[in-house]
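**Q** curious how this folds, go ahead:
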Amino acid sequence: MLDSLRGKVAIVGAADTEVGNLPQFSPTGLCINAARRAMADAQITKDKIDGLITCNSMAEPYMYHAEAMAEYLQIFPRYCIGVNAGGSTTFSVLHHAAAAIVSGMCTTVLITMADSLRSGLTRDQAMKMQSSAGHSQFEIPFGPTVPAFYALIARAHMDKYGTTAEQFAAIAVACRNHACLNPAAEMRTPITVEDVINSRMIADPLHLLDCSLVSDGGSAIIMTSAERAADFPHDPVYILGFGEGHGHEHISQAQSLTTSFAVESGRRAYAMAGLGPRDMDFAQLYDCFTPTVLVELEDLGFCEKGEGGAFVADGNIELGGILPVNTHGGLLSHCHPGNPGSMFALTETVTQLRGKAGRRQVEDAQVGLVHGQGGIMSSHTTAILGRERH
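**A** Numbers count the residues shown, from 1 in each chain. Model prediction:
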């Protein structure tokens with residue numbers, strides 16, 4: 001049933017590591033550090049953890065990553081899994097963890113992820129990773145990198161709807177404005193639309209400031225059943241709806257460059273939650289590149305198709321606007337350590353719904369949407385979280 005998971009599970013612990021250039025930490029060290037911080041936030045001992053989900057590291061991969069992290073932590077879960085769905089990993093595993101809890105496979109799940117893309121990879125390794133997307137016999141031999149693929153999306157939206165580079169830049173400016181209010185963010189110097197436009201061209205029409213950061217960092221949460229959530233010190237944050245949508249592996253096989261399967265993931269999440277776009281007090285949207293946010297805003301129903309450019313240029317995604325987006329600074333200005341990057345959007349959502357976000361707090365925040373996408377707009381997961389179970 002659509003509402004089978006609505007309000008059945010809650011996040012009771014959430015924490016981040018430091019972010020930025022952290023050569024003093026390995027990806028494993030960051031992953032363990034994030035886990036310990038989340039357990040401390042939930043005031044839970046590791047013997048109470050019986051479920052563990054991790055995401056493998058690019059800089060320090062393990063054949064059995066979740067099992068290796070369990071070994072480091074010396075916890076012995078009955079549910080243990082490592083996943084990798086790109087940027088949508090975070091919210092896909094929420095779906096899995098909720099199902100495991102509700103079905104009785106486990107009672108309390110630790111989800112922890114980290115990587116060191118800034119200090120853990122050489123330039124050659126980073127370039128090889130950036131050019132490894134695609135099918136080995138088709139796209140890879142020609143050498144296009146990830147920014148080039150997202151540039152295709154930007155150009156297609158510009159050609160179809162008249163979107164401008166300045167409108168894409170408004171997204172980067174909004175995220176930076178929010179990061180300036182977040183002492184944990186990596187980039188806290190204000191920027192303007194002109195700064196974005198005048199920054200170095202990376203893949204036409206995307207400039208340097210249209211692109212997300214390359215960072216080290218880790219983040220973790222603790223999930224349990226709604227009934228057990230009252231046993232923890234913080235007000236629980238309930239998960240009200242989930243939805244996934246998967247359209248292709250590589251962008252060369254995408255059905256559309258301007259409409260993504262966020263349409264499907266959003267529709268399913270709204271249906272489970274019994275809510276709609278207008279019910280959201282804020283949204284944390286995957287922002288690896290500025291056009292990604294614009295497409296997601298449209299596909300998730302926050303504005304009509306083709307109107308995303310005007311929507312962001314009018315200030316609607318700023319704090320105080322119709323829909324504050326990426327209130328922590330997002331991947332564009334907070335940090336982006338690869339696949340775990342969207343975990344920070346999740347912990348920020350918990351912080352907002354606890355009312356603990358300080359100067360960047362969304363007034364009277366009750367319900368928020370988080371969305372992740374993996375690959376090149378390939379796999380999408382949407383989650384809706386709230387302060388109340390229903």
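**Q** contacts and neighbour counts: CA atoms only from here.
**A** Will do.
**Q** so, low pLDDT: which residues of this protein?
**A** 1-3, 85, 125-135, 138-140, 142-143 (pLDDT under 70).
**Q** what segments of it are helices?
**A** Per DSSP state H, the chain carries helices over the ranges 27-42, 65-73, 89-102, 123-130, 146-161, 165-179, 193-198, 262-273, 290-299, 308-313, 330-333, 343-354.
**Q** any idea how far the fifth one is from the middle of the chain?
**A** The gap between the average C-alpha position of helix 146-161 and the chain average comes to 21 Å, counting by Cα atoms, centre = their mean, to the nearest Å.
**Q** contacts for that helix next, please.
**A** Contact with helix 146-161 is made by 130-131, 133, 163-164, 202-206, 211, 251, 257-258, 289, 291-292, 306-307, 376, as judged by Cα atoms under 8 Å, 6 or more residues apart in numbering.
**Q** ok, now the first one?
**A** Taking Cα under 8 Å, 6+ apart as the criterion, the residues outside helix 27-42 that touch it are 12-17, 45-46, 57, 59-60, 69, 72-73, 110-116, 120, 216-222, 232-234.
**Q** ranking the helices of the chain by burial, who's on top?
**A** Comparing the helices of the chain by mean neighbour count (mean count of other Cα atoms under 10 Å), helix 330-333 ranks first with a mean of 29.
**Q** center of the chain, which residue is that?
**A** Compute the mean C-alpha point of the chain, and by Cα atoms, centre = their mean the closest residue is Ser342, 2.1 Å away.
**Q** I'd say it and Ser92 touch.
**A** No: Ser342 lies out of contact with Ser92 (Cα atoms under 8 Å); the separation is 11.1 Å.
**Q** give me every residue that touches His95.
**A** With Cα under 8 Å, 6+ apart, His95 has these contacts: Phe242.
**Q** what's the separation between it and His65?
**A** Distance, His95 to His65, using Cα to Cα, to the nearest Å: 19 Å.
**Q** before we move on, back to that, what sits against the residue nearest to the centre of the chain?
**A** 87-88, 90, 286, 331, 336, 372.
**Q** what do you get for His65?
**A** So His65 contacts 54-56, 82 (Cα under 8 Å, 6+ apart).
**Q** over to Ser260?
**A** Contacts of Ser260 (Cα under 8 Å, 6+ apart): 247, 295-296, 299, 377-378.
**Q** returning to what we had before: top of the contacts of His65 by neighbour count?
**A** For those, the largest number of neighbours (other Cα atoms under 10 Å) sits with Thr54, at 28 neighbours.
**Q** isn't that residue right up against Ala97?
**A** No: counting by Cα under 8 Å, Thr54 sits too far from Ala97 to count as a contact (11.2 Å).
**Q** just to revisit the earlier point, of all the contacts of His65, which comes closest to Ala170?
**A** Within those, proximity to Ala170 (Cα to Cα) peaks at Cys55, which comes in at 31.6 Å.
**Q** was I right to think Ser265 contacts Gly247?
**A** No: applying Cα under 8 Å, one finds Ser265 not in contact with Gly247, separated by 10.8 Å.
**Q** one step back: and the contacts of Ser260 as TSV, adding distance to Pro183?
**A** Formatted as TSV, those follow (distance: Cα to Cα, whole Å):
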residue	distance to Pro183
Gly247	37
Val295	29
Glu296	27
Asp299	31
Met377	30
Ser378	32
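**Q** for Leu319, state which of those residues is nearest.
**A** Distance to Leu319 across these (Cα to Cα) is lowest for Glu296, with 18.3 Å.
**Q** which of the contacts of helix 27-42 are buried?
**A** 12-17, 46, 57, 59, 69, 110-116, 120, 216-222 (16 or more other Cα atoms under 10 Å).
**Q** the residue of the chain most remote from its centre and Pro144, how far apart?
**A** Each residue of the chain has a distance to the centre, and by Cα atoms, centre = their mean the biggest one is for Gln137: 30.4 Å. Distance, Gln137 to Pro144, by Cα to Cα: 13 Å.
**Q** and what of Ala38?
**A** 38 Å.
**Q** need the distance between the two termini of stretch 232-248.
**A** 40 Å.
**Q** give the buried residues for it.
**A** Across stretch 232-248, burial judged by 16+ other Cα under 10 Å covers 235-248.
**Q** show me which of those residues is closest to Glu388.
**A** Tyr238 (6.5 Å).
**Q** okay, now the nearest residue to the closest one once chain neighbours are set aside: neighbour count?
**A** Nearest non-adjacent residue to Tyr238, counting by Cα to Cα, 6 or more residues apart in numbering: Ala10, 4.2 Å away. The number of residues packed near Ala10 is 26, by other Cα under 10 Å.
**Q** skipping adjacent residues, who's closest to Met187 in space?
**A** Leaving aside its chain neighbours, Met187 sits nearest to Ser333 (5.1 Å; criterion: Cα to Cα, 6+ apart).
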